[in-house]
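Asks: I'll drop the sequence and a predicted model, then ask my questions.
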Amino acid sequence: MLWVLLFVPLAGSALCAALHFAVLRARQAGAAHGGDPAHASHGPGEGLATLAGRLACAAMGAAFGLALLSWWELASQPALLSVESTTWHWIEAGGIDVQLSLVADRLSVVMLLVITGVGFLIHLYSLGYMAHDPGRAKFFAYLNLFVFAMLVLVLSSNLLGLFVGWEGVGLCSYLLIGFWYEKGWPADAAQKAFVTNRIGDACFLVGSFLLLRLFGTLDLSEIAAQNYHLLGARSGELALAALLLFGGACGKSAQFPLFTWLPDAMAGPTPVSALIHAATMVTAGVYLVLRLNPLFAAVPGVLFVIGVVGALTALIGASSALLQRDIKKVLAYSTVSQLGYMFLGLSAGAWSAALFHLVTHAFFKGLLFLGSGSVIHGMHDEQDMYKMGGLRRAMPQTFLTFVAGAAALSGLPLLSGFFSKDEILARNFALGGFHVLLWGVGLVTAALTAFYTWRMVALTFFGSARYDEHHVHPHESPRVMTVPLVVLAILSVVGGLLNLPHVLPGAGVLEHWLEPVTRPGNELLWRGEHGAPHLSAATEWLLLALGAGIALFCAHRGFRAYTGGPARDEALRTARPEAARFLEGAWQIDRAYTTRIVAPLVAGARHLAQRFDLGVIDAGVNGAGTLARKLGTSLRALADGQVKHYALWMGAGAAALSILMVVL
Amino acid sequence: MSVPTDHLLALAAVLFALGVLGFLVRKNVIIVLASIELMLNAANLSFLAASRHWSQATLAGQGDPMGGPVFAIFVILVAAAEAAVGLALVIALYRLKQSVALDSVAELRG
């Protein structure tokens, strides 16, 4: 069944690709018959393109159904910990035996439901969002292919298969960021994402080689079941492997110092940002750490690094979102920041809390991206929030759902984001020591998050209209786009029920569900789950109240400061230009990369092209030719056509040879 | 007391040198061909001298006494063929240039 689940999106992708070529041929034929390219929406092949979108949605619907089935298979039999599919030997070489098999355990099933569920909603939404794009059959082909690669990533039973999916989602991300490559800058953004990810992927590969050397296997469950206490002397190697794998996660999940590609990735169509760069692909790094939780638990130093990187990324992301003008940029930096939270949770050994935040984040960030897409769609491709304002009247459904997502993101009490964020922070606080510092950073980030989220809501939907009302007529999006918004809004509101804090009734559903997966990690960290430091009920209530208070206060401040328009930003830009530039440029990290790494590389490459290539390689090749010609010119004097001279040379040669033979 | 092998080899060397000299200094193609014959026959002489040398009773078994005459016959064969081709070339050359002087032929100058 898992194979069917895997190949449904692949088949959808192949069909969409075939339809894309059919559309192209029809369009070409239509143009040959004098068709009018201006009326592309009624032109030849448009029916086929629309069919491709529907097929892709149907494939996703089927995949979601199959994911639900595999979830039910696990949920209905508590003793069954994983569903495994047929196994083939893929690579058998020496001591290595890599199998081609799929495994759905309790962690994979949660990921499956998120990928196919949120993916299905986003596919539906794309039907409306991309309805007028001439390349939409190709778009759906890529989107389905992405889902296929993501499923390979979460279903593979070994690191190698996981890596195949890992690269596959990277490829689809590249293709979809650069979907509108004719504009120029999306192509650059796609390249940047790809190259930045490649740094992480190289780390990932070296890390898995190290694991292979340590354990002689790439099988994920075998790696998880290793006896880490016996490694003793080789724990340095183990730590290096874990660190390198985390480096791979840094690339894919946009953590410091490799996060700079994610804000640029917003060049892709908005549904892509929602699906790939918020809900699913960027969480692959979190999935990887969760999947190998015993490995990371065995090397507390690496967990510590993860915590520092996560907290730093959360802070950088949240502070950089404060002054952005582009609505998608705000959400992109917010995503970077929320991913930092997830890693913060992992570093505290709060595995289920990280997954919980991953799930709720997929709901509310997917929702916010789709909402922002709806706004952009309604505003005729305007992304600048300074040119919006007062949209709540024009697009009420988008407004209401967006507010639900914003409330969840900012952690307003009782919404999904509130509980998931609070659990990560509480677990860090409970650990004590250095983690209290990380907790503090997380709290500051939460405050910033609430502020920028409600700034965004105020700038977009409240205040007076700052667009040209004679030319732009904002309108509500079609139903096919608003229905996914409503579904995701409901999920964002009630998603907290998945894993309520311990002080509430019905707590820890996800934690118990995930227990078989996280048990080895917990045992390594604190000899079983119950050894984990626990907070007293009073402290937990206090932390919940503190989180709620901060979120409410900052949300209120952010909202109040910007209902009247972006005046406060302008004031800050004039009063503190340095600070404003620092925040807008994401701490100038990207610029530092551009000036310190990219520019010298480009200069070096140009130098190589102009000096080395022309001066050494080309000169060598040309020199060989010139030498041959010069030698020939000087030697042709010998061939003067006089038989006697030839004979003389021949005789001289023979004499020289015989003298040589005598001498030697 | 027969002629010593050394003397025969010296005579062959002198004949060969005369052939080389004739080849290099004479213009007439026919003389040049004759010089080539001279060099071939100098070689034949040395073959036969060596053959006779190896067939002496004191050196029996150390060399093949029949090798020399066989090679000499081969060389004569080749020389006949060469003379046939060479003389045909001379006739063709004469038809082309109305001359048999080698200096007049430098068509292959590079």
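Replies: Structure's in. What do you need?

Asks: What is the strand or helix carrying residue B:88 packed up against?
Replies: Using DSSP states H and E, residue B:88 sits within helix B:67-97. Here helix B:67-97 touches helix B:29-54, going by 3 or more C-beta pairs under 8 Å, 6 or more residues apart in numbering or on different chains; DSSP states H and E. Where C-beta positions appear, they are placed from N, C-alpha and C, glycine not excepted.

Asks: Average pLDDT for the helix it packs on, rounded please.
Replies: For helix B:29-54, mean pLDDT is 91.

Asks: buried residues in the helix holding residue B:88?
Replies: By neighbour count with 16 or more other C-beta atoms under 10 Å in any protein chain shown, helix B:67-97 contains the buried residues B:68, B:71-72, B:75, B:79, B:86, B:90, B:93.

Asks: mind giving me JSON lines with the residues you listed and columns for distance to residue A:252 and pLDDT?
Replies: Listed next are these as JSON lines, based on distance: C-beta to C-beta, whole Å; pLDDT from 0 to 100:
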{"residue": "B:68", "distance to residue A:252": "87", "pLDDT": "86"}
{"residue": "B:71", "distance to residue A:252": "83", "pLDDT": "91"}
{"residue": "B:72", "distance to residue A:252": "88", "pLDDT": "93"}
{"residue": "B:75", "distance to residue A:252": "84", "pLDDT": "94"}
{"residue": "B:79", "distance to residue A:252": "86", "pLDDT": "94"}
{"residue": "B:86", "distance to residue A:252": "84", "pLDDT": "92"}
{"residue": "B:90", "distance to residue A:252": "87", "pLDDT": "92"}
{"residue": "B:93", "distance to residue A:252": "84", "pLDDT": "89"}
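
Asks: Would you mind checking which of the residues you listed is nearest to residue A:558?
Replies: The nearest member of those to residue A:558, counting by C-beta to C-beta, is residue B:93 at 107.6 Å.

Asks: ok, back up a step: kindly reformat the buried residues of helix B:67-97 as CSV containing distance to residue A:8.
Replies: Converted to CSV, the buried residues of helix B:67-97 look like this (distance: C-beta to C-beta, whole Å):
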residue, distance to residue A:8
B:68, 91
B:71, 86
B:72, 91
B:75, 87
B:79, 89
B:86, 87
B:90, 90
B:93, 87
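
Asks: just how off-centre is the helix holding residue B:88 within its chain?
Replies: How far helix B:67-97 lies from its chain's middle: 10 Å, per C-alpha atoms, centre = their mean, to the nearest Å.

Asks: how far off helix B:29-54 does that helix point, in degrees?
Replies: Relative orientation of helix B:67-97 versus helix B:29-54 (axes from the mean of the first three to the mean of the last three C-alpha atoms, to 10 degrees): 180 degrees.

Asks: Helix or strand for residue A:627, just tell me which one.
Replies: helix A:619-635.

Asks: quick one: that helix to chain centroid distance?
Replies: On the basis of C-alpha atoms, centre = their mean, helix A:619-635 sits 55 Å off its chain's mean C-alpha point.

Asks: Kindly export it (C-alpha atoms) in PDB.
Replies: The C-alpha atoms that make up helix A:619-635 are tabulated as PDB, following Å, rounded to 0.1, in the frame of the first residue of the first chain:
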ATOM      1  CA  ALA A 619      47.700  29.600 -25.200                       C
ATOM      2  CA  GLY A 620      48.800  26.000 -24.700                       C
ATOM      3  CA  VAL A 621      46.400  24.700 -27.400                       C
ATOM      4  CA  ASN A 622      47.300  27.500 -29.800                       C
ATOM      5  CA  GLY A 623      51.000  27.100 -29.000                       C
ATOM      6  CA  ALA A 624      50.900  23.500 -29.900                       C
ATOM      7  CA  GLY A 625      49.400  24.400 -33.300                       C
ATOM      8  CA  THR A 626      51.900  27.200 -33.900                       C
ATOM      9  CA  LEU A 627      54.800  24.900 -32.900                       C
ATOM     10  CA  ALA A 628      53.700  22.200 -35.300                       C
ATOM     11  CA  ARG A 629      53.400  24.700 -38.100                       C
ATOM     12  CA  LYS A 630      56.800  26.400 -37.500                       C
ATOM     13  CA  LEU A 631      58.500  23.000 -37.200                       C
ATOM     14  CA  GLY A 632      56.900  21.900 -40.500                       C
ATOM     15  CA  THR A 633      58.000  25.100 -42.300                       C
ATOM     16  CA  SER A 634      61.600  24.700 -41.200                       C
ATOM     17  CA  LEU A 635      61.600  20.900 -42.000                       C
END
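
Asks: pLDDT at whatever residue of the stretch 351-500 of chain A ends up closest to chain B, what is it?
Replies: Closest contact between the stretch 351-500 of chain A and chain B, by C-beta to the nearest C-beta, is at residue A:381 (73.1 Å). Turning to residue A:381, the model gives it a pLDDT of 82.

Asks: Please report phi then psi for it.
Replies: phi 60, psi 30 (degrees, to the nearest 10).

Asks: Over to the one 3 residues further on?
Replies: Backbone torsions for residue A:384, taken as degrees, to the nearest 10, come to phi -80, psi 120.

Asks: Look up how far residue A:472 lies from it.
Replies: Look at residue A:384 and residue A:472: by C-beta to C-beta, to the nearest Å, they are 12 Å apart.

Asks: Which residues of chain B lie near chain A?
Replies: Selection of chain B residues close to chain A by C-beta under 8 Å from any C-beta of the partner chain yields B:20, B:23-24, B:32, B:102-103, B:105-110.

Asks: just checking, which of the residues you listed belong to strands?
Replies: Among these, none falls in strands (DSSP state E).

Asks: Not counting its neighbours along the chain, what's nearest the most centrally placed residue in chain B?
Replies: In chain B, the centroid-proximal residue (C-alpha atoms, centre = their mean) is residue B:40; its distance is 1.4 Å. Spatial nearest neighbour of residue B:40, chain neighbours left out: residue B:79 (4.7 Å); criterion: C-beta to C-beta, 6 or more residues apart in numbering or on different chains.

Asks: Identify the residues contacting the one you found.
Replies: The contact partners of residue B:79, by C-beta atoms under 8 Å, 6 or more residues apart in numbering or on different chains, come to B:37, B:40-41.

Asks: and what of residue A:455?
Replies: Residue A:455 makes contacts with A:322, A:558-559, A:561-562, as judged by C-beta under 8 Å, 6+ apart.

Asks: what do you get for residue B:88?
Replies: Applying C-beta under 8 Å, 6+ apart, no residues contact residue B:88.

Asks: ok, it to residue A:325 distance?
Replies: On the measure of C-beta to C-beta, residue B:88 and residue A:325 end up 97 Å apart.
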